[in-house]
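Engineer: give me a 3D structure for the following:
(one chain, ligands or ions: 1)
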Amino acid sequence: MPDTARSTSSSHPHPPRVAALIGPYSSGKTSLLESLLCATGRIHRKGTIRDHNTVGDNNPQSRTREMSTELTCVQTSYLGEEWHFIDCPGSVDFAQDAREAAMICDVAIVVIDCDPGRVMTVAPILKFLDRNRIPHLVFINKTDHAGIRLRDNIDALQSISERPLVLREIPIREADGNDETITGFVDIVSERAYQYLEGQPSKLITMPSNLKSREGEAREGLLETLADFDDNLLEQILEDQTPAPDTIYDNLQQDLAKDLIVPVFFGSAEQDHGIVRLLKSLRHEAPSSDVCAHRLGIDPDDSQTVLQVFKTVHLSHAGRFCFARVLSGQVKNGDVFGGDKVSGLCSVIADKHEKLERGVTGAIVGLPRTEHLRTGTLIGTDGLMDNLWPDPLPPLYETGLEVTKPGDDVKLTEALRHLCEQDRSLGFGHHESTGQLILSGQGDIHLQCALAQLRDHYHLEIATTPVLTGYQETIRRLSSARGRYKKQTGGHGQFGDAAIELRPQGRGDGFEFSEHIVGGAIPRQYISAVEKGVRDGLRSGSLGFPVVDVAVKLVDGSFHAVDSSDQAFQMAGRIAITEALKVAGPVLLEPVDHCTISIPSDFTSKAQRLVSTRRGQILGFNAKDGWQGWDEIEVQMPTSETADMVTELRSLTQGTGFFTRRYSHMQELTGKQADMVVSQHAIDGK
Ligand SMILES: Nc1nc2c(ncn2[C@@H]2O[C@H](COP(=O)(O)OP(=O)(O)OP(=O)(O)O)[C@@H](O)[C@H]2O)c(=O)[nH]1
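Structural biologist: Prediction:
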C-alpha cells in the first residue's frame, strides 16, 4: 500500500493507543471500524450492517435495531503498533457510553455524514470534546455518492467547532452524468495525488493539473492555521520560505495533542476510500497515552500502576466486569486496586475476552469480578485517586415500572442497580409524592433497551405505566365544620365531637394545626387525636388528592366521660375536615418544573413555540455560556408536560436540543384540564 504520509517511521514504536469512533447516529462508525480492522489485518472479510455480521454492533439489541447501543472495543495492530478502536453508539439515547469512551481515548475520530444539512447533529459531541480538551479529527464519511459538496460540509462544521478545522486532503473529481464523483484525493502535506481503486489500495498518480491552484490554496490555508500556533513557522511563511514536510508533520502532531486544531479527512467506509490515509495520520499524529493521563490528572511516570475505569458491565460468567485503560505502569493478575485483587485479566476484542498476562501502559484491559471498581474510578495500586470524570447526563425521559409477577420486586431492584451501573445516564427510584417506581434515561429507545435487558438477561416480566403526576389540592376559602362520631352498640360506646375552622395558607407554607379549646370542652389528652384525624383526612381531599397549604384550628367540641377515646376523637377530626374541605372551594395544584433548555440558536424560535404549546412560561433567554452559537431558554413548565418533551425537542432541533429540569413549585390548575385530571383520577382510583 502506498505510504501517503511520512516515509520515515519512528524507531521506537508507540505504546498502545486508543481511538474512539464517535459521531452522530448512522454516520458510519461501525462500518468505518470494519474497514479499519480489515485494513490492519484483524479481519479478512468485512461484514456489513445489512447482513448483521459486523464486529461492532454484535449484541442482540444492536442487531435488531441496526444501530449501536453500546461500546465495542477492538484491539488490532498497524505497522507493528498496537491500536484499540472503540466504536461508540451515535444515537443521543446512548451518548453516555460515547462520552465515557472519549474520556480515555488518545484521539477521537468524529465520523460525520457527508451532508451539510446534518452537520448540526454533531454539535453536542464537538462541544463535549472541546470542553474536555480531547484531541479529535473529523472523518467525513459516505463521499461515494455523486454530487458531493465537501466545502459546504466543512463550512457548516467550522461554524460549530471552537477549534480551527485543518483540511488534510482535497478531492479529485470526475464527471458522472450531470454530476461529479470523488475518484481520489490529493494529500496537501506531501502534495501527492492518489486514485481510489476498487478493492485495492489507492494508486499514486500525477497530480491533475487543474487541481494545482486549488491544492496550493488549501496548503496555504493549512500552513496559516498551523502558523497561528508556531512563531517559527509564521516567520518562514512571511519570508516566503517553503517549510520542510517534517516541520509541518511536527506541527500537526503537536497541535493535535494540545487540541488546538481539528484535522479533516474524508472517504467512504463502505468503499474503503481514505482508510489508509486515515491510519497513516493516526500512526504519525495521534498523541501517546501520557497526554490522556495528564488530561485525567495523573502523572504517567508515577511509580504505581494506575487504571481509569470507563465501562462497567454485568456478565453471567464474570460478574461485574470493568473495562479500564492502563494510564501508567503495568497491570497483572494479583495486583490490588483498592479492595479488588486482579484475577482473570483479559484483553477485550468485541465480545471475546482473551487471557492476558499483563496490560501495559496505554492498553485497554478487562477486569472480571470486581467488587469496588465502577465507571469513572481512577485508581492506583496505592489506592483511589482524585478524579476529573464528568457527571452523568441528566435524565430526560421517564416511564413507570411494575413487576407483573408478585414477589419479583427485590429481583427487579437488583437488576435495575446493575443496569444503572452499566449506564450512568439511566436512573431509577420511587417518586417522592406518588410512590411510583420510575425508570429514567435519555429517550424512548434508551428505556426500551433497558427493558429488553430486564426481560432477556434478568428474566423479569415488567409492565410499563404512564408516569403519574404528583397533583395536590388546596382551598380558596375559609370554612368550618363539626365532626361528631357516636356509636352506641351496647357495653362501651364511642364518642368524639370536634369543631374546626379551616383556612387557606400561602403557597408552600404547608399544614398548620392549632387549638383554642376553652372550658375543657375537649380534654387535653384528646387534642392530638383530633389532629391525627385531620391529618388523615388531608391525605385525600374532595378532589381525591393530598391537601396542602391549609391551617386548621380546633375551636370547640364535647366529650363523654366513659365513651370518649383517642380513636373516637380521631374519627371526629376526620369527619370534621372532610366536611370543611367540601365547602372551602377546593382547587387542584400541579407541580411545575424549572427547565433550562439548550439549543443551537437556529432553533431558538422553534423551541420557544414548543414551550408555549406545552403551557410553559418563558422567563428569559440568553446566549449559552461557553457554547458559541447556542442559546439557553429559562422556562417554567408543568411537570406533566416535561416528562416526554425531549422527543419533540429533538425532532425540532435535529437531535441536538437538551434540557435540565428541577422541581420549582405547585401552581393552580383550573378549567377543562383540571376537570380531566380529576375525572381520570376518579376512574383510576376505582
Ligand atoms: N454509501 C455509504 N453508506 C455507508 C457508508 N458507511 C456506512 N454506510 C451506511 O450507513 C448506515 C449506517 O452505518 P453504520 O456503520 O451502522 O453507522 P454508525 O455510525 O455505526 O451507526 P450508529 O452507531 O447506530 O450511530 C449503514 O446502512 C451503512 O451501510 C459509506 O461510506 N457510504
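
Engineer: and the residue of the stretch 101-250 of the chain that's closest to the ligand?
Structural biologist: Per C-beta to the nearest ligand atom, Lys142 is where the stretch 101-250 of the chain lies closest to the ligand, at 3.8 Å. To be clear about C-beta, it is placed using only N, CA and C from the backbone, and glycine gets the same treatment.

Engineer: got it, and the chain?
Structural biologist: Residue nearest to the ligand within the chain: Gly90 (2.3 Å; C-beta to the nearest ligand atom).

Engineer: what's the pLDDT at the residue of the stretch 101-250 of the chain closest to the ligand?
Structural biologist: pLDDT, Lys142: 95.

Engineer: excluding sequence neighbours, find me the nearest residue to it.
Structural biologist: If the residues on either side of it in the chain are set aside, Lys142 comes closest to Cys114, at 4.9 Å by C-beta to C-beta, 6 or more residues apart in numbering.

Engineer: and the helices in the stretch 301-450 of the chain, which stretches?
Structural biologist: With DSSP state H, counting those that start in this stretch as the criterion, the stretch 301-450 of the chain has helices at 409-422, 444-456.

Engineer: so which of those helices is the most packed in?
Structural biologist: helix 444-456 (a mean of 19; mean count of other C-beta atoms under 10 Å).

Engineer: quick check, Gln253 in a helix?
Structural biologist: Yes: assessed by DSSP: H, G, I helix; E, B strand; the rest coil, Gln253 belongs to a helix.

Engineer: burial count for the nearest residue to it once chain neighbours are set aside?
Structural biologist: Spatial nearest neighbour of Gln253, chain neighbours left out: Glu285 (4.6 Å); criterion: C-beta to C-beta, 6+ apart. Close neighbours of Glu285, defined as other C-beta atoms under 10 Å, add up to 23.

Engineer: hang on, the earlier thing: give the contact list for the residue of the chain closest to the ligand.
Structural biologist: Residues counted as contacts of Gly90 (C-beta atoms under 8 Å, 6 or more residues apart in numbering) are 22-27, 29, 67-68, 98.

Engineer: give the buried subset of those as a ChimeraX selection command.
Structural biologist: In ChimeraX, this line selects whichever of those come out buried by 16 or more other C-beta atoms under 10 Å:
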select :22,23,24,25,26,27,29,67,68,98
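
Engineer: of the contacts of Gly90, which ones also sit close to the ligand?
Structural biologist: For the ligand, the contacts drawn from the contacts of Gly90 by C-beta under 6 Å from any ligand atom are 25-27, 29, 67-68.

Engineer: among those, which lie within strands?
Structural biologist: Among these, no member falls in strands (DSSP state E).

Engineer: would you list every one of the strands in the stretch 1-150 of the chain?
Structural biologist: Taking DSSP state E, counting those that start in this stretch, the strands of the stretch 1-150 of the chain run over residues 17-22, 72-78, 81-87, 107-113, 136-141.

Engineer: can I get those strands in JSON lines including distance to Thr242?
Structural biologist: Listed next are the strands of the stretch 1-150 of the chain as JSON lines, based on distance: least, C-beta to C-beta, whole Å:
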{"stretch": "strand 17-22", "distance to Thr242": "31"}
{"stretch": "strand 72-78", "distance to Thr242": "30"}
{"stretch": "strand 81-87", "distance to Thr242": "30"}
{"stretch": "strand 107-113", "distance to Thr242": "28"}
{"stretch": "strand 136-141", "distance to Thr242": "25"}
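
Engineer: for Thr604, find the nearest of those strands.
Structural biologist: strand 107-113 (23.4 Å; C-beta to C-beta).

Engineer: other SSEs contacting the closest one?
Structural biologist: With contacts taken as 3 or more C-beta pairs under 8 Å, 6 or more residues apart in numbering; DSSP states H and E, strand 107-113 sits against strand 17-22, helix 29-39, helix 123-131, strand 136-141, helix 275-285.

Engineer: redo that, cut-off 6 Å
Structural biologist: Where contact means 3 or more C-beta pairs under 6 Å, 6 or more residues apart in numbering; DSSP states H and E, strand 107-113 is packed against strand 17-22, strand 136-141.

Engineer: which one of these is the most hemmed in?
Structural biologist: Using mean count of other C-beta under 10 Å, strand 17-22 ranks as the most buried of these, with a mean of 27.

Engineer: direction included, what does it pair against?
Structural biologist: strand 81-87 (parallel), strand 107-113 (parallel) (DSSP bridges).

Engineer: re the thing from before, what's the closest of the strands of the stretch 1-150 of the chain to Leu460?
Structural biologist: Comparing those by C-beta to C-beta, strand 72-78 comes nearest, at 26.0 Å.

Engineer: whether the closest one contacts the ligand - can you check?
Structural biologist: No: taking C-beta under 6 Å from any ligand atom as the criterion, strand 72-78 and the ligand are apart, separated by no less than 9.4 Å.

Engineer: so which bits of that strand are buried?
Structural biologist: In strand 72-78, counting by 16+ other C-beta under 10 Å, buried: 72-76, 78.

Engineer: next, format those as CSV and append pLDDT.
Structural biologist: Below are the buried residues of strand 72-78 laid out as CSV (pLDDT from 0 to 100):
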residue, pLDDT
Thr72, 93
Cys73, 94
Val74, 95
Gln75, 94
Thr76, 95
Tyr78, 96
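
Engineer: what is the nearest of the residues you listed to Phe310?
Structural biologist: Once C-beta to C-beta is applied, the member of the buried residues of strand 72-78 that ends up nearest Phe310 is Cys73, at 9.5 Å.

Engineer: which residues does the closest one bridge with?
Structural biologist: Ile86.

Engineer: can you tell me how far the residue nearest to the residue of the chain closest to the ligand when sequence neighbours are not counted sits from Pro390?
Structural biologist: Leaving aside its sequence neighbours, Gly90 sits nearest to Tyr25 (C-beta to C-beta, 6+ apart; 4.0 Å). Distance of Tyr25 to Pro390, computed by C-beta to C-beta, to the nearest Å: 21 Å.
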